[in-house]
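Sequence plus predicted model, see below.
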Amino acid sequence: MEIVKFFQNGGPFMYPILLVFAIGLAIAIERFLFLSRTHSLTVKVWTQLVPMLKASDFQRAVKLVESIKTPLSSVLGYGFARHSANKPREAIESAMEEGMMDAMPDLEQRTHYLATYANVATLLGLLGTIVGLIQAFTAVAAADPAEKADLLSASISVAMNTTAFGLMAAIPLLLLHSYLVTKTAHVVGNLEKAAIKSLNLITND
């Protein structure tokens, strides 16, 4: 099979590149599932919460927020606690901002590693090529003059495999990083919008 042959001809640097790609892919899948679940729970909580807040049924709203573990619940929980203590709007808004700061690390964690792993994969590919070229020229120096051209071209072709594989690993990781950053920003935007709307509903009595 051509893919297997390509991998085997690349030399030992193909394995760390594959490992970096596998780790990056695992992180991307975990982040995608987490963000998708967070988005679904945010929509679910918000859909149930709006009628309660519009009806000034604050006790049920608090129970709902406490019963579902999601970043939105954490953000609103801070604000609802201040509202229960009859704090002014500014204090409630400040509490929700604090809740958002607590929620952000969970939403953004590990995503930035994808860009790092993409760079590492590229650099490993280049390093593998350089090492392969050094070995190739060393071997050619001791070879028969009639065979030097063929030996050198074959060795360079093999050495370039690591650069190609490094780029093959880096490009998807960069695309996944960009997608997850955008998805995270979308989730954060929904949280901020829900927090502001909740603030307006509970302070417009």
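In hand now; what should we look at?

Need the nearest residue in space to residue 195, chain neighbours excluded.
Once its chain neighbours are removed from consideration, residue 195 has its nearest residue in residue 96; the separation is 4.8 Å (C-beta to C-beta, 6 or more residues apart in numbering). Glycine gets a C-beta too; all of them are placed from N, C-alpha and C.

quick one: buried residues of the strand or helix carrying the one you found?
Assessed by DSSP states H and E, residue 96 sits inside helix 89-108. Applying a neighbour-count criterion of 16 or more other C-beta atoms under 10 Å, one finds 92, 93, 95, 96, 99, 100, 103, 107, 108 buried in helix 89-108.

for stretch 64-74, same thing?
Applying a neighbour-count criterion of 16+ other C-beta under 10 Å, one finds 64, 65, 70, 71, 72, 73, 74 buried in stretch 64-74.

now the residues you listed as CSV including distance to residue 44 and secondary structure?
Formatted as CSV, the entries for the buried residues of stretch 64-74 read as follows, by distance: C-beta to C-beta, whole Å; DSSP: H, G, I helix; E, B strand; the rest coil:
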residue, distance to residue 44, secondary structure
64, 10, helix
65, 12, helix
70, 8, coil
71, 13, helix
72, 9, helix
73, 11, helix
74, 15, helix
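
So which of these is the closest to residue 112?
Ranked by distance to residue 112 (C-beta to C-beta), the buried residues of stretch 64-74 are led by residue 71 at 18.3 Å.

and the closest residue to the closest one other than its chain neighbours, what is it in contact with?
For residue 71, ignoring the flanking residues on the chain, the nearest one in space by C-beta to C-beta, 6+ apart is residue 103 at 3.8 Å. The neighbourhood of residue 103, defined by C-beta atoms under 8 Å, 6 or more residues apart in numbering, consists of 71, 74, 75, 191.

any idea how far residue 70 is from residue 103?
Using C-beta to C-beta, to the nearest Å, residue 103 is found at 9 Å from residue 70.
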